[in-house]
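A.B. asks: return a 3D structure for these sequence lines:
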Amino acid sequence: MMSGHDSFSSQKDQTQKAYSFSFTHLSTGEPLNLSDFKGKVMLVVNTASKCGFTSQYEDLENLYKLYKDKGLVVIGVPSNDFGGQEPGTNEQIATFCKLNYEITFTMTKKEKVSGDGAHPFYVWAKKTLGFGTAPKWNFHKYLINRQGEIIDYFHSTTSPLNQRLKKALEKALSEVSTSGIS
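C.D. replies: Residues are numbered from 1 along each chain as shown. Predicted coordinates for the structure are as follows:
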């Protein structure tokens, strides 16, 4: 367990930001550039439809609704990396999320998030935060501040509505964006 995001300040790769990365939007197939979210706080979560943590979709949606007007963007990244718990096609995933959880936050197409061939965002997140910070299961969460810096992570067992997560999120949301200044 980590003691807080300040412990990462010396390890951070400040030369690269989350804005360097893109995914593909689940429903439209269009590029989903993280740079489109400059000045926003992002919570990037690898998801799965057949996991013991799948009910976190509901909490992620509730968190998104609670904070979206303050600048939160939630990005779900379906992955079949852990236990084969996201076997569906992108279309099946979109239908599942809409019908079962009425998801309105952003979802990407299915990606590899661990090991060889992991999406470059996940390689960067692990490199930036250090050993032990990569996803070990579905619903691992990365918090990115308004400047595009990855500032914290939360294990799968941490609910999106957990007080520690909400406190870190509220702190990030309260900070003024400087992304337009650089």
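A.B. asks: pLDDT weak spots in the protein?
C.D. replies: When residues are selected by pLDDT under 70, those of the chain lie in 1-15, 178-182.
A.B. asks: on the three-state scheme, the residue nearest the centre of it is what?
C.D. replies: In the chain, the residue lying closest to the centroid (CA atoms, centre = their mean) is Val44, at 0.6 Å. When the structure is split into helix, strand and coil by DSSP: H, G, I helix; E, B strand; the rest coil, Val44 lands in strand.
A.B. asks: check Ala118 too.
C.D. replies: With three-state DSSP as the basis, the three-state label of Ala118 is coil.
A.B. asks: for the protein, what spans make up the helices?
C.D. replies: Listed in chain order, the helices found in the chain under DSSP state H are 56-67, 90-101, 120-129, 163-174.
A.B. asks: what's the closest of these to Pro31?
C.D. replies: helix 120-129 (13.4 Å; CB to CB). From N, CA and C alone the C-beta is placed, and that goes for glycine too.
A.B. asks: list the buried residues in that closest one.
C.D. replies: Applying a neighbour-count criterion of 16 or more other CB atoms under 10 Å, one finds Phe121, Tyr122, Trp124, Ala125, Lys126, Thr128, Leu129 buried in helix 120-129.
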